[in-house]
Every structure is written in structure tokens, then in C-alpha cells.
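Visitor: Kindly return the folded structure for what I paste below:
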Amino acid sequence: MSNKNNDNKAVIKKRSGWYLIWEYASERPFIYFFSIACIAISSILATVIPRIIGDFTDTFNSGKLSIDSAIHFALLVIVVGTIRVTLGWIGRLIAAQHGRILMNRIREKLFKKWETMPLSYYHGHSVGDLLSHALSDVEVVRQVAAMGINVTVNSTIMLMSALYVMVVHMNWELAIAGLGPLIAIPVIVRYYGPRIKNQSAKLQAALGVMSQSVEEIIGGIRTVKAFGNEKVIIKRFEDRVEDIVVERMKFVKLSAIFTALIPFMASIGFIVVIGYGGYLTIIKSISLGDFVTFLLYLTLLRQPLEMLGNTLNTIQRGSASLARISDLLEAPLAVFDHETAKEQQQIQGDIEVRNLSFRYPGTQKDVLSDISFTVKRGQTLGIIGTIGSGKTSLAHLLMRVYEPPRGTVFVDGVDVQDYYLKDLRKSVAYVPQNGFLFSTTIQSNIAFADDKIDENKVLDSAKISAVHKDILKLKEAYATEIGERGVRLSGGQKQRVAIARMIYKDSPVNVLDDSLSAVDTKTERLILRNMREYRETGSQLKTNIIISHRLSAVMHADEIIILDQGQITDRGNHQQLLESSELYGKLWNLQSGGEGRSEPTLPEESPKTELLEVLLSEDEEAEKVKTTEGGEYGS
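Guide: Here you go, the predicted structure:
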């Protein structure tokens, strides 16, 4: 594996977003040179046609026009026009194609960057804002890369060619009079450009807020319906849309004024040429053909000048979009491959934490303080504690979702910072409490770790996680499309499918972060028993870390640690903690329904547990109603 340090380190010096277009173009200099050359030649040929018509007018005015000369002029216009259109089409086609390729390339860069960003980044950036980057901003950049090249080259070359002919080969005084008003264009661009750029940034931000609102409403539609809160949600959405309308109208007003002023300057020049050029023609200072040619040049230049105004408008928008994209692509990485990272032998699963203290960036309080423990290969560690005690933070540090201090977390005796991130995370299978599932089939979700699905392995994983029978009850079994975030499954089914996905990955280290909270205690015991058996019969011994609020989930662990406010307050196995920890004993009595029992009580043995099972059953029935809504899916 090649050293990836330089690619992953944060970029210190911030670059302009225009480097994205320049880098792409510099990798393909010939194709862009060819495209620009085609457009430039096409623009030059466009200025030849008015000159031909001017010569035709002088010939006609002098009485020397014949059939042969008329045909000659007509053929010249046809040939020049055909070559001009063909070259212009080729140049624009090439620019448009590579604009699309650039758009796809930037989107790939964004997606790869999102995969490397720490969780803290997503806490401060909404999904809608990120979607706005990938959709709206990138589309504006495409317009700049494609239309910007077309129109800028076309307009500039055409203007310079026409100016050369008008000044050098015709009447320079009339040329200056006609083109003089165009000098005001840079002033207009200077004044309106920054305003359009700033307003475009505000508009894109408003679009991001609306996208986030749509994502939240669709994702939480059950809650909206359950509370009968549709009117409130509609009002909130209307407010977001109203914000977009307001920002859009401000942008349209600025754009309309900007794009109208540039052709207006050309119109003033046209009026000047008609007046002054007509006078020069009357006094025989210029020929009638030259006068017609001047008018044709100004008419010809009107369209590219209008397009140039639109392009400058688009460039200002693109500048804002490129700045937003660049800020994301060059955002510093909190976790990356260090220079000390190198190839390691296959991870076996020995984990050691030494005096680990950690606080999140920007905070003043440690979430973990002086944590130390060891888990040998094949052993199980149980972690329990109150909400906010640091259980999930500890799991994230083991996988380097957040960077632990050097010399505090070791895997197989090697500091986790000396592993490549890809290798470390490939060796850890993690199941969070929410058990996020993708909107594809159950089979694809379980086999998420592989590009090619092993159907037998999928079945075995589902059986170990005790979800196989539930899947077979569905109409399409493992081929069932589970919908957005697994909406067609109950909470318990989603957690068990997520556990099956962990088992399928077959990593040496498994981390279950309160991922049995939605299943009943009987199913929980079945899953844990299957996992204990699988730990010893699988391809290799598994090291399991189980985080849970239920003591029944960790009672068979080789060691249990109790976290409170980021510190280990007690540790030992189940029996030792029953004898030595007052807190553990009280929790066990409360959850098991008995005094000091060393084994969990079955539901029928305790009235308290029976009541709990009834409540769970009612919740499960309610979940069925919510998830099916007339369909065939349920627990």
C-alpha cells in the first residue's frame, strides 16, 4: 500500500476555487486548444460575411453587378457560413462534453471527501447544504466551464476581428464612435459582478436550507402524521420556499439589470453609427458598402455582447459556487493516515487502552478520563453506564472515528495511529444503536461488506442474528426492498439485520453499541448465545465489545466495566460485580426482577417482567401498524 499521508493531511493554504477548472483543463491542453481554435476561427469567419455583403453592396451601387458576380458573392457567403457553423459546432460540442465530465469529476471529489470527513463535520453541516453542493453548485460550475469558454472566446475574437476590420480597413473614426459606448462594460461588470456573486451565494444557501427541510420532512413523515402536525410542517416549508423566492427575486433583479445594460451599450453604438455613418455616407466620406458593413458588424456583435453579459453573470455565480465547493474540498481532516502508518500483519483482535483521556474539539471537558482496560483475542468486554458516560465515544476512538491521543489505544500491541485507516476499520465491524440500513434489498444490506454477494454467508449471518425466520415471512424474503432507511421493517428487525451485516463482515473485532435495545430479552439471549458459539467456530476468534443498558446483554462477558461521567467506577465479571458493586447489584435486581440472581429471569417467573413483556408487545404491535400501513411487512 502506498503512503497516503500527503493526500490525507489538511491543506494549510487556501486556494481559489478556480483551480478545479484549471487543473482539469491543464490535464487536457490539446483538446481545449482545439476547441478554442475552432470557436476562434468560427468567430473570425463570422466577421468576414459582413465584409462580403459590403462589397456586394458597393458592386451593386456602382452598377457593375452581374449574374456571375452575384453567384460568386452568394457562394462565398455559403462556403464561409458553412465552415463557420461547422467549426463553431465542433468547438461548442467539445466544451459542452468536457463541462459534463468536469461536473461528474467534481461530484466524485465531493463524495470521496464526504467519506473522509469526521462526524464533527456533519454535526455542523446539514444534509440539504451538502446536497446543494453536489447538485446546484456543481451545475453552475458546469455552465461556467462549458458556456464560459464558448461565449468568452466567441465574443472576444469576434469583437477584436470586427474592430480590426473597422479601424484598419474602413473608417477608424466611425469605428470608435460605434464601439465607444462599449467602454462602459468593464465599469458595469465591476459594479454588478460582486453583488451578483454575493446574492448567488445567499440563494444557494437558501436552496440548501430548503433541501434540508425536505429531507427532514420526508424522513420524519411518520412523526408528522402521528402528531397530526401537517399544517405546521407545511407552514415551515412555505417559509423556506418564501426565503428562496425573496433571494431569487433579488438575484433576478440584479441579473436583469446587468444583462440588459451590456446590449444597451451596443444599441447606443448602433444609433451613433446610423447617425454619424449616414452623414459620412451622404458626404461621400465612406461608401454605401462600408456603411452597410458597419451596421452589419454592430448587429452581429449585439448577440455575442448579450451572451457575454449572461456569461459574466454566470461567472459571478460560478465564483460563489466554486468558493463553496473549494471550502468543502479543502476542509481539514481531523483523522488521516499518519507518516508512521505502515503495513501491519493481519489484525488478530487484542485490544489495549492505556490511560485514555479525551475531549471533543472545541469543548473544555473530558468525555473520557484515565480509561484503561485490556481485551484479549476471543474475549468479550461489556461496557455499561448512564447516558452521556462516554460509552459510544470510547467505541468511536477504537475505530478512530475521532483521533485518540497517541500512546493510548493499541490493537495487537500497535498504536492505532500506526495503522492505515482503511486497514483498521476493515478489521472492526460496528453496529450502532440506530442500525442504519440502505434502501435496497435485505440481502444487499447484510452483504454490504462485499461487492459480490455470498448467499450462503448471508443466510448463516441472518440465522446467527435470529432474523432469518422473520425474513422468510416476507413476500420476497431476502430480495425484499426495505425502503428508505429500512422503513418497511420494525425496529427490532432493523437491528437484527444490522447485526447480521456485522457478522457477514467477519472481522476480528465486533462492536455492538446498544444494538439490542429494540429486541426482546428472549431474542437477545438467543443472539448472544449464537454469537458466543460463532466466536469460537467462525473463521477466526472474535473479540466482542458489547455496549448496553441491559445487564443481560453483558452478563456473560469476560469483563464488564461500568462508566460514569467518563471514568471507570467498577470492573469485573458478572458474579464479581454482583458481590462488589452496589450499583451493579441494584441494576441487576431492577432488570432481572429478583434479588441477587446470577441468571436472568424468564418472563413467566416475574410479574414485573411479565408487565414489561406486555408493554413491549404493545409497542411491537404499534410498530407493525406504523411500518405496514396496509402492506405485508411486520415483525
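
Visitor: contacting residues around Val292?
Guide: Taking Cβ atoms under 8 Å, 6 or more residues apart in numbering as the contact definition, Val292 lies against 53-54, 57. Yep, even glycine has a C-beta here, placed from its N, CA and C like the rest.

Visitor: ok, and the most crowded of those?
Guide: In terms of neighbours by other Cβ atoms under 10 Å, the contacts of Val292 top out with Gly54 at 23 neighbours.

Visitor: Next one: that residue, what pLDDT does it get?
Guide: On pLDDT, Gly54 comes in at 79.

Visitor: Likewise for Glu559?
Guide: pLDDT, Glu559: 90.

Visitor: still on that earlier bit, how about the contacts of Val292 in a markdown table, adding distance to Ala70?
Guide: As requested, the contacts of Val292 are arranged in a markdown table below (distance: Cβ to Cβ, whole Å):
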| residue | distance to Ala70 |
| --- | --- |
| Ile53 | 12 |
| Gly54 | 15 |
| Thr57 | 12 |
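
Visitor: Next one: Ser515 from Ala429, what distance?
Guide: Separation of Ser515 from Ala429 (Cβ to Cβ, to the nearest Å) stands at 11 Å.

Visitor: Check Thr569 too.
Guide: Thr569 sits 28 Å away from Ala429, going by Cβ to Cβ.

Visitor: Relative to Ala205, how far out is Arg240?
Guide: Counting by Cβ to Cβ - Arg240 and Ala205 are separated by 11 Å.

Visitor: if we can go back for a sec, so between Thr569 and Ala429, which is more surrounded?
Guide: Per other Cβ under 10 Å, whichever of Thr569 and Ala429 has more neighbours is Ala429, with 23 against 14.

Visitor: Just say helix, strand or coil for that one.
Guide: Classification of Ala429 by DSSP: H, G, I helix; E, B strand; the rest coil places it in strand.

Visitor: Asp450 now?
Guide: coil.

Visitor: Just to be sure, Gly382 is in a strand?
Guide: Yes: judged by three-state DSSP, Gly382 forms part of a strand.

Visitor: Neighbours of it, how many?
Guide: 25.

Visitor: Skipping adjacent residues, who's closest to it in space?
Guide: Spatial nearest neighbour of Gly382, chain neighbours left out: Val554 (2.7 Å); criterion: Cβ to Cβ, 6 or more residues apart in numbering.

Visitor: Tell me the backbone dihedrals of the one you found, please.
Guide: Here is the backbone geometry of Val554 (degrees, to the nearest 10): phi -120, psi 0.

Visitor: these two touch, right, it and Ile546?
Guide: Yes: taking contacts as Cβ atoms under 8 Å, Val554 lies within contact range of Ile546: 5.3 Å.

Visitor: Mutual contacts of these two, please.
Guide: With Cβ under 8 Å, 6+ apart, Val554 and Ile546 have common neighbours 382-383.

Visitor: Now Ala320: which helix or strand?
Guide: helix 288-329 (DSSP states H and E).

Visitor: ignore the last one, Lys365
Guide: Per DSSP H and E, Lys365 falls between elements, in no helix or strand.

Visitor: Give me the neighbour count for it.
Guide: Using other Cβ under 10 Å, Lys365 is surrounded by 9 other residues.

Visitor: who's in contact with the nearest residue to it once chain neighbours are set aside?
Guide: The shortest distance from Lys365 to any non-neighbouring residue, by Cβ to Cβ, 6+ apart, is to Arg359 (6.2 Å). With contact set as Cβ under 8 Å, 6+ apart, Arg359 has these partners: 365-367.

Visitor: go with 10 Å
Guide: 365-369, 393, 566 (Cβ atoms under 10 Å, 6 or more residues apart in numbering).

Visitor: Now intersect those residues with the strands, please.
Guide: Counted as lying in strands by DSSP state E, out of the contacts of Arg359, are 368-369.

Visitor: Could you identify the buried members of the contacts of Arg359?
Guide: Buried subset of those (neighbour count, 16 or more other Cβ atoms under 10 Å): 366-369, 393, 566.

Visitor: Closest to Ala146 out of the residues you listed?
Guide: Within the buried ones among the contacts of Arg359, distances to Ala146 taken as Cβ to Cβ reach their minimum at Ser393, with 46.9 Å.

Visitor: Contacts only, for the nearest residue to Ala498 once chain neighbours are set aside.
Guide: Spatial nearest neighbour of Ala498, excluding adjacent residues (Cβ to Cβ, 6+ apart): Gly435 at 3.4 Å. Neighbour list for Gly435: 445, 485-486, 489, 491-499, 501-502, 513, 515, 517-518 [criterion: Cβ under 10 Å, 6+ apart].

Visitor: Recalculate using a threshold of 8 Å.
Guide: 486, 494-495, 497-499, 515, 518.

Visitor: Backbone dihedrals for it, please?
Guide: Dihedral angles (degrees, to the nearest 10) for Gly435: phi 50, psi 50.

Visitor: Which pLDDT does the model give the closest residue to Ala518 other than its chain neighbours?
Guide: What sits nearest to Ala518 in space, not counting adjacent residues and going by Cβ to Cβ, 6+ apart, is Gly491, at 3.8 Å. The confidence metric pLDDT takes the value 78 at Gly491.

Visitor: and what of Lys376?
Guide: 90.

Visitor: Check the burial of it by counting its neighbours.
Guide: Lys376 has 15 neighbouring residues, counting by other Cβ under 10 Å.

Visitor: ok, now which ones touch it?
Guide: Per Cβ under 8 Å, 6+ apart, neighbours of Lys376: 350, 543, 558.

Visitor: The second one reaches Thr374, doesn't it?
Guide: Read that as Thr543. No: applying Cβ under 8 Å, one finds Thr543 not in contact with Thr374, separated by 10.8 Å.
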